[in-house]
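Chemist: Predicted model and sequence follow; I will ask about them next.
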Amino acid sequence: MPTLPPFHPHPLLPGGHAQTLAGVLLPSGERRAGTQQHVVALDDCDAIVLHDDAPQDWPAGGPAALLVHGLTGDHSSGYMVRIAARLMTAGVRVFRMDARGWGAGTHLARRPANAGRSEDARAALHSIASMCPGSALSVAGFSLGANLVLKMLGEDCGAQPRALVRAVAVNAPILLAASVRAMETGANRVYDAYFTRMLVRRVATLRRTVAGFDWPRPGAPPRSLREFDEVYTAPLSGYRDADDYYARASAAQFLGRITTPTLLLTAEDDPSVPRNGFPDRPPSPAITPHSAPSGGHLGYIARERGDDPDRRWMDARVVEWLLA
């Protein structure tokens, strides 16, 4: 089993909260020009959008990768842009996915994105395989997108494109109920309130701009992620209630069936993904787990080291794994 270099947190960013906030607030570099958009139609008549960044000298049959963002993110999220840029520099054609109702796909979906929409990532991979015949494919998911990717990998191995060779899941909430409970306690309530506010605003935007948008109107806006999932996510996605959604969409139950070589990257001080939800031993020989002692949630801002391009330890590990 390969060993990843240790993560040494920046001395000014000790602890999970500092790492998490720095991961969002520190500059992520300029946006790349020349991106092409592809609309991918889904079986239920909704659609998602892929943002296609190809190196200038990318050859037919060269490697290609799909990046899947987390809750309230989109193709322009800092980690999506940074990692896409690094992969392009290494000669990889990169497709950044906008989940249903987010980014460029805001007006293309009537049903909400959620942690269980594994069919969307699968449709994206098949679309990429058709655009890139002969290419080796890889996929990386982040936060809620990581849960989605892991669920997809473990559901039906025969349903994935044969060209899929590598996968990475970073800070995946593989037990959704446990993550929601963690967000309802102590200082973590700040994250719960932030994400809920972003989701409620998204619903308000869709009501104003999408013709025929008929999501329910509760008496008062949801005040927590659990309330939002109870009112919107579960009933509009075919789940009985929020608990049913968390149980059926959690990736933990699918890990043992994964056959694609997959890096499972976690941090022990992640404020929203309890470390005790992960098995002590890999549930599948295809999974390589790595738990950093620190890093927060999609943070991993390291002290200066000689073997990484910069302090973005997470970015370097994702790129190294996908290129292996």
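Modeler: Nice, I can see it.

Chemist: Can you report how many residues neighbour the nearest residue to Asp53 once chain neighbours are set aside?
Modeler: Leaving aside its sequence neighbours, Asp53 sits nearest to Val94 (CB to CB, 6 or more residues apart in numbering; 4.7 Å). Quick note: C-beta positions are derived from backbone N, CA and C, even for glycine. Look at Val94: counted by other CB atoms under 10 Å, it has 30 neighbours.

Chemist: Strands of the stretch 201-324 of the chain, start to end?
Modeler: Secondary structure of the stretch 201-324 of the chain (DSSP state E, counting those that start in this stretch): strands at 262-267, 287-292.

Chemist: could you dump these to TSV with mean pLDDT?
Modeler: Output for those, formatted as TSV (pLDDT from 0 to 100):
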stretch	mean pLDDT
strand 262-267	96
strand 287-292	95
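
Chemist: Turn those into JSON lines, columns for distance to Ala193 and mean neighbour count.
Modeler: Listed next are those as JSON lines, based on distance: least, CB to CB, whole Å; neighbours: other CB atoms under 10 Å:
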{"stretch": "strand 262-267", "distance to Ala193": "22", "mean neighbour count": "25"}
{"stretch": "strand 287-292", "distance to Ala193": "27", "mean neighbour count": "19"}
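
Chemist: Show me the shaky parts of the stretch 201-324 of the chain.
Modeler: In the predicted model of the stretch 201-324 of the chain, residues 211-214, 218, 306-307 satisfy pLDDT under 70.

Chemist: for it, what spans make up the helices?
Modeler: Applying DSSP state H, counting those that start in this stretch to the stretch 201-324 of the chain gives helices spanning 225-228, 234-236, 242-249, 313-323.

Chemist: Which other helices and strands does the shortest one contact?
Modeler: So that's helix 234-236. helix 242-249 (3 or more CB pairs under 8 Å, 6 or more residues apart in numbering; DSSP states H and E).

Chemist: what's the answer for the first one, then?
Modeler: In terms of contacts (3+ CB pairs under 8 Å, 6+ apart), helix 225-228 is packed against helix 176-183, helix 189-209.

Chemist: Can you tell me which of those helices is packed in deepest?
Modeler: helix 176-183 (a mean of 21; mean count of other CB atoms under 10 Å).

Chemist: packing partners for that helix?
Modeler: Helix 176-183 sits against helix 189-209, helix 225-228, helix 242-249, with contacts defined as 3+ CB pairs under 8 Å, 6+ apart.

Chemist: Show me what the shortest one is in contact with.
Modeler: In other words, helix 225-228. 180, 183-184, 192, 195-196, 199-200, 222, 242 (CB atoms under 8 Å, 6 or more residues apart in numbering).

Chemist: out of those residues, which one sits closest to Leu25?
Modeler: Nearest to Leu25, judged by CB to CB, of the contacts of helix 225-228 is Phe195 at 16.3 Å.

Chemist: Identify the residues contacting Leu13.
Modeler: 19, 22, 299, 301.

Chemist: Would you mind putting the residues you listed into TSV with distance to Thr89 alongside?
Modeler: Below are the contacts of Leu13 laid out as TSV (distance: CB to CB, whole Å):
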residue	distance to Thr89
Gln19	25
Ala22	23
Gly299	23
Ile301	21
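
Chemist: With respect to Leu144, which of those residues is nearest?
Modeler: Using CB to CB, Gly299 is the member of these that sits closest to Leu144, with 16.2 Å.
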